[in-house]
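# with the sequence up front, the predicted model follows.
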Amino acid sequence: MITGAALWPLVSALSARAAQRYRSPVVRLLPVVVYVLFLLAVGLSRVFVLAHFPHQVLGGIVAGIALGWGLQACPPPARSLRFYGATALGLLLGALGLHRAMGAAGIDIDWSIRLATSWCSNPSWLRLDTRPFASVCRDAGSAMGLGLALRPSRSLSGGVQDLPPPHMRVLGALLALGVLEGLQWVPEPGSEPLWYGVACLKHAAGPWLVAVALPRLLRALGGPPRPPPR
């Protein structure tokens with residue numbers, strides 16, 4: 001789903017560019033064909049490693065395409081912390097409310113977890129980060145982190161168009177990779193509610209650290225930035 005949503009704007013842009021430059025319908029459809037084949041390959045790999053069932057893969061592909069198309073047609077506010085905060089809260093409360101409602105209706109949506117628990121020879125293989133609610137926590141935390149990262153900052157608003165030197169940009173990219181990798185090594189608590197809370201906070205911290213904290217650090221280390229070339 002994430003792959004389909006993230007690649008859809010790129011595919012639509014390539015298709016539009018191909019339609020402007022070439023008359024052949026094959027060339028114009030080539031980005032879409034590659035996009036569909038790539039999603040099918042990703043879906044088959046998820047089924048092969050027993051991460052998802054086939055109906056989950058098909059649902060994820062359709063949902064990803066719809067999400068990418070919808071966000072491209074109606075992009076969210078760029079700097080609205082209220083929007084991203086409401087999205088994060090809506091994801092968490094919506095998932096919990098749906099789980100409770102399905103349970104009250106007599107539908108056990110945790111049947112796959114119970115089946116895996118009863119048949120798995122090693123309980124440590126049943127990791128919490130493979131459960132559906134872990135994905136919800138990741139998405140909710142990322143939405144909150146994006147809202148914090150995109151919030152206007154007085155210290156950065158004056159030089160948002162300034163370009164740092166190339167070596168500082170390379171250093172920033174390496175530091176960003178190191179920070180994101182370091183977040184994956186944060187100790188995970190044994191309690192299930194605390195684990196979900198830490199997972200949400202880790203993914204909220206990632207965008208803010210990369211988009212706000214690291215640029216401030218690089219500006220402090222590199223001195224005043226250079227104006228962009230005209």
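Arrived safely, thanks for sending. Numbering: from 1, shown residues only.
# mind checking which helix or strand of the protein has the lowest mean pLDDT?
helix 154-157 (a mean of 47; mean pLDDT, DSSP states H and E).
# tell me what the helix or strand just after it is packed against?
The helix or strand immediately downstream of helix 154-157 is helix 166-183, counting by DSSP states H and E. Of the remaining helices and strands, those touching helix 166-183 by 3 or more CB pairs under 8 Å, 6 or more residues apart in numbering; DSSP states H and E are helix 192-208, helix 214-222. Quick note: C-beta positions are derived from backbone N, CA and C, even for glycine.
# in JSON lines, list those along with mean neighbour count and distance to Ala86.
Shown next, in JSON lines, are these (neighbours: other CB atoms under 10 Å; distance: least, CB to CB, whole Å):
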{"stretch": "helix 192-208", "mean neighbour count": "18", "distance to Ala86": "15"}
{"stretch": "helix 214-222", "mean neighbour count": "15", "distance to Ala86": "26"}
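# which residues of this structure fall in strands?
For the chain, no strands are identified by DSSP state E.
# which parts of this structure are helices?
Applying DSSP state H to the chain gives helices spanning 2-21, 25-48, 54-73, 81-104, 111-119, 132-150, 154-157, 166-183, 192-208, 214-222.
# can you tell me which of those helices comes nearest to Trp125?
When these are compared by CB to CB, helix 111-119 sits nearest Trp125, at 8.5 Å.
# tell me which residues of stretch 75-95 come out buried.
81, 83-84, 87-88, 91-92, 95 (16 or more other CB atoms under 10 Å).
# what does that stretch contact?
132-133, 136-137, 139-141, 143-144, 146-148, 150-152, 200, 204 (CB atoms under 8 Å, 6 or more residues apart in numbering).
# in PyMOL, select just the buried ones from the residues you listed.
Typed into PyMOL, the next command selects the buried ones out of the contacts of stretch 75-95 (criterion: 16+ other CB under 10 Å):
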select buried, resi 133+136+137+139+140+141+143+144+146+147+148+150+200+204
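# need the buried residues of stretch 75-95 in a markdown table (columns: distance to His167).
Below are the buried residues of stretch 75-95 laid out as a markdown table (distance: CB to CB, whole Å):
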| residue | distance to His167 |
| --- | --- |
| Leu81 | 33 |
| Phe83 | 36 |
| Tyr84 | 33 |
| Thr87 | 37 |
| Ala88 | 36 |
| Leu91 | 39 |
| Leu92 | 41 |
| Ala95 | 44 |
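# how about these in JSON lines, adding pLDDT and distance to Phe38?
Below are the buried residues of stretch 75-95 laid out as JSON lines (pLDDT from 0 to 100; distance: CB to CB, whole Å):
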{"residue": "Leu81", "pLDDT": "82", "distance to Phe38": "34"}
{"residue": "Phe83", "pLDDT": "85", "distance to Phe38": "30"}
{"residue": "Tyr84", "pLDDT": "87", "distance to Phe38": "29"}
{"residue": "Thr87", "pLDDT": "88", "distance to Phe38": "27"}
{"residue": "Ala88", "pLDDT": "91", "distance to Phe38": "29"}
{"residue": "Leu91", "pLDDT": "89", "distance to Phe38": "26"}
{"residue": "Leu92", "pLDDT": "91", "distance to Phe38": "31"}
{"residue": "Ala95", "pLDDT": "90", "distance to Phe38": "28"}
